[in-house]
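Below is the sequence, then the predicted model.
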Amino acid sequence: MSTIDSNKILILDFGSQYTQLIARRVREARVYCEIMPFNTSIEIIRDFGARGIILSGGPASVFAEEAPLPDKAIFDLGLPILGICYGMQLIGHTQGGRVATSAKREFGRAKLLIDNQQDLFADLDIVDNTCTVWMSHGDKVEQLPPGFEAIAHTENAPIAAMRNGERRIWAIQFHPEVVHTYEGATMLANFVHKICGCEPTWNMTNFIESKIAEIRETVGDASVLCALSGGVDSSVAAVLIHRAIGDRLTCVFVNNGLLRKNEAEAVVKTFRDHYHMNLHYEDASDRFLQKLAGVSDPEKKRKIIGNEFIYVFEDVKKRLGSFDFLAQGTLYPDVIESVSVKGPSAVIKSHHNVGGLPENIDFKLLEPFRELFKDEVRLVGLELGMPDEIVHRHPFPGPGLGIRVLGEISKERLDVLREADHIFLEEIKMADLYRHIWQAFVVLLPVNTVGVMGDERTYENACALRAVTSVDGMTADWAHIPYEVLARISNRIINEVKGINRVVYDISSKPPGTIEWE
Ligand SMILES: Nc1ncnc2c1ncn2[C@@H]1O[C@H](COP(=O)(O)OP(=O)(O)OP(=O)(O)O)[C@@H](O)[C@H]1O
Ligand SMILES: O=c1[nH]c(=O)c2[nH+]cn([C@@H]3O[C@H](COP(=O)(O)O)[C@@H](O)[C@H]3O)c2[nH]1
Ligand SMILES: NC(=O)CC[C@H](N)C(=O)O
Ligand SMILES: [Mg+2]
């Protein structure tokens with residue numbers, strides 16, 4: 001991003017599970033950074049103009065025929081380089097050392113003995129030069145490249161970290177980006193501040209100012225249509241764009257018939273009355289429900305919903321006039337997944353995502369949060385003075401209740417789910433748990449169970465409560481909601497919601513489960 005000058009770090013991605021965590025840690029050190037694929041050309045790297053480069057880990061072995069390697073000219077840029085895990089191995093391999101597949105692989109916790117407490121390992125909060133780190137490797141550097149010295153070791157790896165002070169290259173076998181490496185954040189901060197000389201200036205106020213200027217420049221005199229869901233990302237995007245271009249912004253909120261109880265009214269009220277924005281409310285519930293009738297396959301549902309959203313936006317554009325831009329709340333994880341070196345990853349579920357719009361759509365895209373993580377978007381929202389209820393809302397997927405009524409969707413089943421879901425959220429809020437939980441919702445199961453109510457036999461639906469804790473939605477654990485709260489929720493749902501006679505609690509983590517059931 002041109003507005004951020006050279007006070008930034010470049011991360012080259014070799015396919016590690018943790019590349020995004022490296023980016024988070026660098027940003028937590030208040031230095032802007034971007035991830036680029038490992039094979040990015042030296043011209044692009046030079047143009048980006050970072051003050052240092054981090055080479056991520058990765059699944060490959062440097063011996064593999066197709067081992068991913070960076071443009072070797074990165075070693076001649078005169079910039080400090082830090083290699084992590086595979087990044088260390090590739091430095092060892094390409095700079096004249098020797099890497100070998102070790103008989104003793106290291107996974108998980110390891111004790112690191114630091115042999116030199118300078119620069120990268122300065123100011124660590126440790127005793128006896130020993131710190132706990134997290135490892136995940138089979139290969140290791142067995143012989144130092146010329147000019148390098150070992151600066152830390154473990155029982156299994158005599159060269160667990162190395163550096164070449166003159167060429168300003170550092171490399172570590174463990175993962176400093178994961179929380180289990182207790183002093184990892186300090187090490188990464190040492191690299192970006194002390195070694196690369198970056199100033200800790202990245203903050204949301206700077207971001208907002210430079211984004212507003214950029215939006216004005218990009219949009220010029222044109223008008224913008226913003227797909228607004230009332231969720232965190234698009235709401236904060238709408239407020240930011242409104243600051244930049246005022247009434248040339250029109251928001252479109254689509255009622256796809258799959259929203260939660262009272263949601264449509266609440267979103268319209270907030271954005272029309274509170275923010276005084278041009279808001280177009282499009283009730284498209286009939287067309288969505290018609291298209292979904294008789295469909296029970298989750299992937300088919302997702303595709304139908306994703307496509308229908310696009311048709312609705314195009315229809316609205318035809319009716320409301322000329323809009324050059326379509327704005328949406330795309331975040332960094334969405335963007336980066338499409339450039340990851342992991343290659344075509346397995347399709348677990350097709351996330352409805354306007355980012356997957358066809359090439360020939362009649363809009364240019366405006367995505368002000370392409371560089372941000374969700375918690376950063378929340379900070380932008382707070383900085384823009386947005387209320388807690390919007391900024392700290394649980395994420396809600398575009399396909400909405402359509403993927404929470406398992407099996408065939410009908411208006412009746414959606415209504416049953418809406419009531420149960422409403423009770424669940426109400427009780428979570430009352431128990432003061434809403435902010436501790438990443439996401440909580442009810443799933444209506446395509447299962448009828450026998451019950452007894454008022455001495456009468458019932459044969460009605462079962463529903464499942466789903467509540468998870470998470471940082472980024474990529475991994476999640478089931479939330480440990482106190483039994484008393486669960487008991488109250490179950491009681492209320494069974495008593496108050498006609499059509500449900502049994503409530504179960506989902507205790508699956510992600511992985512191996514996912515957060516949504518479809
Ligand atoms: N009902 C809707 N009407 C209009 N646009 C929508 C609707 N649902 C989703 N979108 C668009 O799809 C994008 C992706 O949805 P997503 O759920 O990831 O983000 P969000 O709703 O803005 O935030 P959150 O993740 O907190 O729910 C939104 O940013 C928005 O632009
Ligand atoms: O906008 C969205 N469109 C979708 O199609 C979609 N599918 C899942 N989600 C949300 O993504 C997070 C991870 O969900 P899963 O563990 O179920 O994959 C959770 O927060 C889910 O609610 C979606 N969001
Ligand atoms: N996490 C990593 O970067 C692993 C590097 C390499 N694949 C190994 O097993 O040693
Ligand atoms: Mg949403």
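Arrived safely. Ligands and ions are numbered 1, 2, ... in the order given.

Quick check, pLDDT for the nearest residue to Met386 once chain neighbours are set aside.
Spatial nearest neighbour of Met386, chain neighbours left out: Val239 (6.0 Å); criterion: CB to CB, 6 or more residues apart in numbering. Placement of C-beta: from N, CA and C, glycine included. At Val239, the model reports a pLDDT of 96.

check contacts around Val239.
Tyr275, Gly381, Leu384, Met386 (CB atoms under 8 Å, 6 or more residues apart in numbering).

Any chance of the backbone angles for it?
Main-chain torsions, Val239, degrees, to the nearest 10: phi -70, psi -40.

Val450 too?
Per degrees, to the nearest 10, the backbone of Val450 is at phi -90, psi 140.

what's downstream of the helix or strand containing Phe207, the next helix or strand?
Element membership of Phe207, judged by DSSP states H and E, is helix 204-219. Later in the chain than helix 204-219, the nearest helix or strand by DSSP H and E is strand 224-227.

Read off the pLDDT value for the residue nearest to His153 when sequence neighbours are not counted.
Excluding its sequence neighbours, the residue lying closest to His153 (CB to CB, 6+ apart) is Ala160, at 5.1 Å. Ala160 carries a pLDDT value of 97.

if I read this right, Ala160 contacts Thr154, doesn't it?
Yes. When contacts are counted by CB atoms under 8 Å, Ala160 is listed as touching Thr154 (4.8 Å).

what touches both of those two?
Ala110, Leu112, Val133, Gln173.

so what strands line up beside the host helix or strand of the first one?
With elements delineated by DSSP H and E, Ala110 resides in strand 98-114, which encompasses its position. Each strand that pairs with strand 98-114, with its direction, by DSSP bridges: strand 130-143 (antiparallel), strand 149-153 (antiparallel).

And the ones you listed: which comes nearest Arg302?
Of all these, strand 130-143 sits nearest to Arg302, with 32.6 Å by CB to CB.

Now do the contacts for the closest residue to Ser41 other than its chain neighbours.
Distances taken as CB to CB, 6+ apart put Asp71 closest to Ser41, at 6.3 Å, once the chain neighbours are dropped. For Asp71, the contact set (CB under 8 Å, 6+ apart) comprises Asn39, Thr40, Ser41, Ile42, Ile45.

I'd like to know the phi and psi angles of Asp71, please.
phi -60, psi 120.

That one and Leu77: what is the separation?
10 Å (CB to CB, to the nearest Å).

anything in contact with each of these two?
In contact with both Asp71 and Leu77: Ile42, Ile45, using CB under 8 Å, 6+ apart.

can you list the residues of the protein near ligand 1?
227-229, 231-234, 252-254, 256, 328-329, 353-354, 393, 395-398 (CB under 6 Å from any ligand atom).

What helix or strand is Phe253 located in?
strand 249-255.

Mind checking the pLDDT average for the helix ranked longest in the chain?
The longest helix of the chain (DSSP state H) is helix 298-320. Averaging pLDDT along helix 298-320 gives 91.

Now do the buried residues in that helix.
298, 301-302, 304-306, 308-310, 312-313, 316-317 (16 or more other CB atoms under 10 Å).

Export that helix to PDB, keeping only CA atoms.
Extracted C-alpha coordinates of helix 298-320, given in PDB (Å, rounded to 0.1, in the frame of the first residue of the first chain):
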ATOM      1  CA  PRO A 298     -25.300 -28.100   1.700                       C
ATOM      2  CA  GLU A 299     -23.000 -27.200  -1.200                       C
ATOM      3  CA  LYS A 300     -26.000 -26.700  -3.600                       C
ATOM      4  CA  LYS A 301     -27.600 -24.400  -1.000                       C
ATOM      5  CA  ARG A 302     -24.500 -22.300  -0.700                       C
ATOM      6  CA  LYS A 303     -24.100 -22.000  -4.500                       C
ATOM      7  CA  ILE A 304     -27.700 -21.000  -5.000                       C
ATOM      8  CA  ILE A 305     -27.500 -18.400  -2.200                       C
ATOM      9  CA  GLY A 306     -24.200 -17.000  -3.400                       C
ATOM     10  CA  ASN A 307     -25.400 -16.600  -7.000                       C
ATOM     11  CA  GLU A 308     -28.700 -15.100  -6.000                       C
ATOM     12  CA  PHE A 309     -27.000 -12.400  -4.000                       C
ATOM     13  CA  ILE A 310     -25.200 -11.400  -7.200                       C
ATOM     14  CA  TYR A 311     -28.300 -11.300  -9.300                       C
ATOM     15  CA  VAL A 312     -30.000  -9.100  -6.600                       C
ATOM     16  CA  PHE A 313     -27.100  -6.600  -6.600                       C
ATOM     17  CA  GLU A 314     -27.200  -6.400 -10.400                       C
ATOM     18  CA  ASP A 315     -31.000  -5.900 -10.400                       C
ATOM     19  CA  VAL A 316     -30.700  -3.200  -7.800                       C
ATOM     20  CA  LYS A 317     -28.000  -1.400  -9.800                       C
ATOM     21  CA  LYS A 318     -30.300  -1.400 -12.800                       C
ATOM     22  CA  ARG A 319     -33.100   0.100 -10.800                       C
ATOM     23  CA  LEU A 320     -31.200   2.700  -8.700                       C
END
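
can you give me the helices in the stretch 251-400 of the chain?
Counting by DSSP state H, counting those that start in this stretch, one finds helices in the stretch 251-400 of the chain at the ranges 263-269, 285-292, 298-320, 332-337, 374-383, 388-391.

Got the domain ranges for this protein?
2-195, 204-391, 405-505 (automatic domain parsing).

Most distant residue from the centre of this structure?
Asp455 (49.3 Å; CA atoms, centre = their mean).

Contacts for stretch 264-281 next, please.
228-230, 235, 238-239, 242, 247, 249-253, 255, 283, 316, 320, 390.

do stretch 408-426 and ligand 2 meet?
No. For a cut-off given as CB under 6 Å from any ligand atom, stretch 408-426 has no contacts with ligand 2; the smallest distance is 13.0 Å.

Most tightly packed of the domains of the chain?
domain 2-195 (a mean of 19; mean count of other CB atoms under 10 Å).

now it, how far from the chain's geometric center?
23 Å (CA atoms, centre = their mean, to the nearest Å).

Need the max-distance pair from the contacts of Val239.
Farthest pair in the contacts of Val239, by CB to CB: Tyr275 and Gly381, 12.2 Å.

Point out where the protein drops to low pLDDT.
1-4, 335-360 (pLDDT under 70).

how about the residues of it that lie near ligand 4?
Ser229, Gly231, Phe396 (CB under 5 Å from the ion).

if I've got this straight, the first one is in a helix?
No. Read with DSSP: H, G, I helix; E, B strand; the rest coil, Ser229 is coil and lies in no helix.

and it, what does it touch?
Ser235, Phe253, Val254, Val267, Gly329, Phe396, Gly398.

And the strands in the stretch 401-518 of the chain, which stretches?
439-453, 456-469, 477-478, 500-505 (DSSP state E, counting those that start in this stretch).

Looking at the ones you listed, which is nearest to His180?
strand 477-478 (15.3 Å).

what helices or strands is the closest one leaning on?
strand 456-469 (3 or more CB pairs under 8 Å, 6 or more residues apart in numbering; DSSP states H and E).

residues in the chain within reach of ligand 3, list them.
Listed as neighbours of ligand 3 in the chain under the rule CB under 6 Å from any ligand atom: Ser16, Gly57, Gly58, Pro59, Ala60, Ser61, Cys85, Tyr86, Ser136, His137, Gly138, Asp139.

which residues does the third one contact?
If I follow you right, that is Gly58. Applying CB under 8 Å, 6+ apart, the residues near Gly58 are Asp13, Phe14, Gly15, Ser16, Phe38, Pro68, Cys85, Tyr86, Gly87, Val341.

Against ligand 2, how distant is it?
Separation of Gly58 from ligand 2 (CB to the nearest ligand atom, to the nearest Å) stands at 23 Å.

Leaving aside the residues adjacent along the chain, what's closest to that residue?
Phe14 (3.2 Å).

Tell me who's in contact with that neighbour.
Phe38, Leu55, Ser56, Gly57, Gly58, Ala60, Pro68, Tyr86, Gly87, Leu90, Val341.

Turn the residues you listed into JSON lines, columns for secondary structure.
Shown next, in JSON lines, are those (three-state DSSP):
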{"residue": "Phe38", "secondary structure": "coil"}
{"residue": "Leu55", "secondary structure": "strand"}
{"residue": "Ser56", "secondary structure": "coil"}
{"residue": "Gly57", "secondary structure": "coil"}
{"residue": "Gly58", "secondary structure": "coil"}
{"residue": "Ala60", "secondary structure": "coil"}
{"residue": "Pro68", "secondary structure": "coil"}
{"residue": "Tyr86", "secondary structure": "helix"}
{"residue": "Gly87", "secondary structure": "helix"}
{"residue": "Leu90", "secondary structure": "helix"}
{"residue": "Val341", "secondary structure": "coil"}
